[in-house]
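*Asks:* only geometry, no sequence info:
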């Protein structure tokens, strides 16, 4: 055999292999191209045309937006179309991209479902479909993605249960399913994921107890189960079984028991959030051992001051957390005086909630040292003394809420220096003197409530020039006098209340202004019979007391009426066959008068005489019904006596 023949025989198999490889590569890359074209056909990017590079005339591996390929095989290995403003649906053809390792479609407007054949992408390492509008359940066989490391499906409209098959993916490091409508229990199968770093299930409809095996995933750094319906006691040794934890977020659930003391052994922890649960007892020892702590939120539980671990202990301990920027201990049963040491808290502290406790004493002047403060809420305590003028040093302050205390003295003029304020609430105190005219300096103010104090003098005209004031201006229930200034610059304010003062045109004037008698009279009616104040925290984002009552007035009247009033109404002597309960009917009529008085525009409001006429009609109806009931009761008693 010649040399050529020998070489041909030796290299022929290799030649055939190369030819077959080139043929397969050509076919496979063509399949990927057609898959992407199909995918594009079901997506839309109307505004930016970001996928214009995807066309039949070029290769996906050249310069197609968001596409990466393997250089040798020319197969698509990464598809990243995040944040391109895409809408439409995710094509089921996505399952053809079998060499795909990264699929990132996050932060778009994609709707539809998660294609079931997405589980064919067995080489997938990253699957991120978060921040879309997908309405779907998670495929039950998602556990077949055995190479998956990152699963992000948060901020969609996912429903159904968390698939137990996720526990089969031992490579998983990140599970983020927050802000969906997932239901059921946490599968205990997830406890097998020994490489898991993040488990985020926040804001869903999950329930039950947390499987104990979850607390044994020692690799966990972020454990976030907030805003569900979980219950049961928190393990006291959680800080020992999860030694690497940096984020512990269990707020807005129904957890009971005490705050685990072992959490304070996690010297590297950044976030502890347990607000809005049913936790009891005291803040455990060790709180001063957390130098890297950034957020400590135990608000709205049943935490008490006892055994030397009350307000003073909390404040002094947290002075060691030099990176702290959020502290919430509100809505508990903490007692004591705010210590001067509050001024030694982190200069990074920007949010401080301490309201709704039993704190007494005065506000220390050292609070003015917290130069980074943006929100200060000390409302609804038993705080006395004057408002410290040092609060005027907090130049970054945006919300100052001191309502519902026993503060006295005058309003410091230094508060007028807080040019970044968007909310100030000093209501329900015993503050005297005049309203500082330099409150007109506020450049971002949306909400001002100085009601239920003992303020006197006239309303500064400067306040009524605040162009940004759009939510509440409440100066009611004071001793203000003089004329009502022109309020033409405040046409966008949702609620203006000057009632129960000594202002001109404010009694029974013949021509009420838009800030005058009729409107404020209507607000008072709505407040009295709904049990809500126009300044309640629930009225935000454009919602006011009036709009809240209007929205529910026609279909959900019982939700509007103060539950305390409803509890006083008896159905014992009322026959449902005779129609609505007359007592509820009267309350309904009063709310109707309130809405008519508090209409958005002056022209739409009824006059004060008409309001009184309608209220008199409601009263007469009530008395007539009451007389009928009394007569019936007398007749019934007579019948019972006469037959004995």
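*Replies:* The structure has been received and is ready for your questions. The shown structure was predicted, so the numbers you read here are calculated from the model rather than taken from an experiment.
*Asks:* which residues of the stretch 451-600 of the chain fall in strands?
*Replies:* 454-457, 472-474, 479-482, 495-497, 502-503 (DSSP state E, counting those that start in this stretch).
*Asks:* From the contact counts, what lies against the host helix or strand of residue 223?
*Replies:* Using DSSP states H and E, residue 223 maps to strand 222-224. When contacts are defined as 3 or more C-beta pairs under 8 Å, 6 or more residues apart in numbering; DSSP states H and E, strand 222-224 sits against strand 198-200, strand 247-249. From N, CA and C alone the C-beta is placed, and that goes for glycine too.
*Asks:* right, and the strands of the stretch 451-600 of the chain - which one's nearest residue 78?
*Replies:* strand 472-474 (51.2 Å; C-beta to C-beta).
*Asks:* Show me what that closest one is in contact with.
*Replies:* When contacts are defined by C-beta atoms under 8 Å, 6 or more residues apart in numbering, strand 472-474 is touched by residues 427, 446-451, 463, 490, 493-497, 534-535.
*Asks:* Let me see the mean pLDDT of it.
*Replies:* What strand 472-474 shows for mean pLDDT is 90.
*Asks:* again with stretch 310-330
*Replies:* 96.
*Asks:* quick one: buried residues of that stretch?
*Replies:* 310-321, 324-330 (16 or more other C-beta atoms under 10 Å).
*Asks:* Kindly report the same for stretch 192-205.
*Replies:* Neighbour-count burial for stretch 192-205, with 16+ other C-beta under 10 Å as criterion, is recorded at 192, 193, 196, 197, 198, 199, 200, 201, 202, 203, 204.
*Asks:* Looking at those residues, which two lie furthest apart in space?
*Replies:* Checking the buried residues of stretch 192-205 with C-beta to C-beta, the most distant pair is 192 and 203, at 25.2 Å.
*Asks:* on that earlier part again, worst mean pLDDT among the strands of the stretch 451-600 of the chain?
*Replies:* strand 502-503 (a mean of 66).
*Asks:* per the record, what domains does this structure have?
*Replies:* 75-511, 545-642 (automatic domain parsing).
*Asks:* Could you say which of the ones you listed is packed most deeply?
*Replies:* Mean neighbours per residue, mean count of other C-beta atoms under 10 Å, is largest over those for domain 75-511, with a mean of 19.
*Asks:* got the residue ranges for the strands in the stretch 51-200 of the chain?
*Replies:* Under DSSP E, counting those that start in this stretch, the stretch 51-200 of the chain gives strands at 67-69, 76-80, 87-89, 102-104, 109-111, 126-128, 150-152, 159-160, 174-176, 181-184, 198-200.
*Asks:* JSON lines please, covering those strands and showing distance to residue 58.
*Replies:* As requested, these are exported to JSON lines (distance: least, C-beta to C-beta, whole Å):
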{"stretch": "strand 67-69", "distance to residue 58": "11"}
{"stretch": "strand 76-80", "distance to residue 58": "14"}
{"stretch": "strand 87-89", "distance to residue 58": "22"}
{"stretch": "strand 102-104", "distance to residue 58": "21"}
{"stretch": "strand 109-111", "distance to residue 58": "24"}
{"stretch": "strand 126-128", "distance to residue 58": "26"}
{"stretch": "strand 150-152", "distance to residue 58": "30"}
{"stretch": "strand 159-160", "distance to residue 58": "40"}
{"stretch": "strand 174-176", "distance to residue 58": "34"}
{"stretch": "strand 181-184", "distance to residue 58": "41"}
{"stretch": "strand 198-200", "distance to residue 58": "38"}
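*Asks:* out of those strands, which comes closest to residue 611?
*Replies:* Among these, strand 181-184 comes nearest to residue 611, with 44.8 Å by C-beta to C-beta.
*Asks:* Give me the sheet partners of the closest one and which way each runs.
*Replies:* strand 159-160 (parallel), strand 205-208 (parallel) (DSSP bridges).
*Asks:* tell me the average confidence for it?
*Replies:* According to the model, strand 181-184 has a mean pLDDT of 98.
*Asks:* what do you get for stretch 334-342?
*Replies:* On average, stretch 334-342 scores 97.
*Asks:* From here on, call the first residue 49.
*Replies:* Okay, using 49 as the starting number, the last item reads as stretch 382-390.
*Asks:* That stretch: how far from the chain's middle?
*Replies:* 28 Å (C-alpha atoms, centre = their mean, to the nearest Å).
*Asks:* Start and end of that stretch, how far apart?
*Replies:* With C-alpha to C-alpha, to the nearest Å applied, stretch 382-390 spans 15 Å between its terminal residues.
*Asks:* what does that stretch rub up against?
*Replies:* So stretch 382-390 is contacted by 351-353, 358-360, 362-364, 367, 402, 405-412, 414-415, 418, 426, 431 (C-beta under 8 Å, 6+ apart).
*Asks:* cool, and stretch 97-117?
*Replies:* 77, 80-81, 84-85, 88, 91, 93, 122-129, 132-134, 150.
*Asks:* Pipe the strands of the stretch 499-648 of the chain into CSV and attach distance to residue 199 per row.
*Replies:* Formatted as CSV, the strands of the stretch 499-648 of the chain follow (distance: least, C-beta to C-beta, whole Å):
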stretch, distance to residue 199
strand 502-505, 57
strand 520-522, 44
strand 527-530, 60
strand 543-545, 46
strand 550-551, 62
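*Asks:* And these: which comes nearest residue 169?
*Replies:* strand 520-522 (53.1 Å).
*Asks:* So what's the gap between that closest one and the chain middle?
*Replies:* Relative to the chain's own centre, strand 520-522 is displaced by 23 Å; criterion: C-alpha atoms, centre = their mean.
*Asks:* mind listing what that strand pairs with, with the direction of each?
*Replies:* strand 495-497 (parallel), strand 543-545 (parallel).
*Asks:* Turn those into a markdown table, including distance to residue 442.
*Replies:* As requested, those are exported to a markdown table (distance: least, C-beta to C-beta, whole Å):
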| stretch | distance to residue 442 |
| --- | --- |
| strand 495-497 | 17 |
| strand 543-545 | 26 |
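*Asks:* To residue 658, which of those lies closest?
*Replies:* Nearest to residue 658 among the strands paired with strand 520-522 is strand 543-545; the distance by C-beta to C-beta comes to 20.8 Å.
*Asks:* next one: the closest one to chain centre, how far?
*Replies:* Distance, centroid of strand 543-545 to centroid of chain: 26 Å (C-alpha atoms, centre = their mean).
*Asks:* quick one on the thing from earlier: mind checking the domains of the chain for the one nearest to residue 569?
*Replies:* Comparing those by C-beta to C-beta, domain 593-690 comes nearest, at 5.3 Å.
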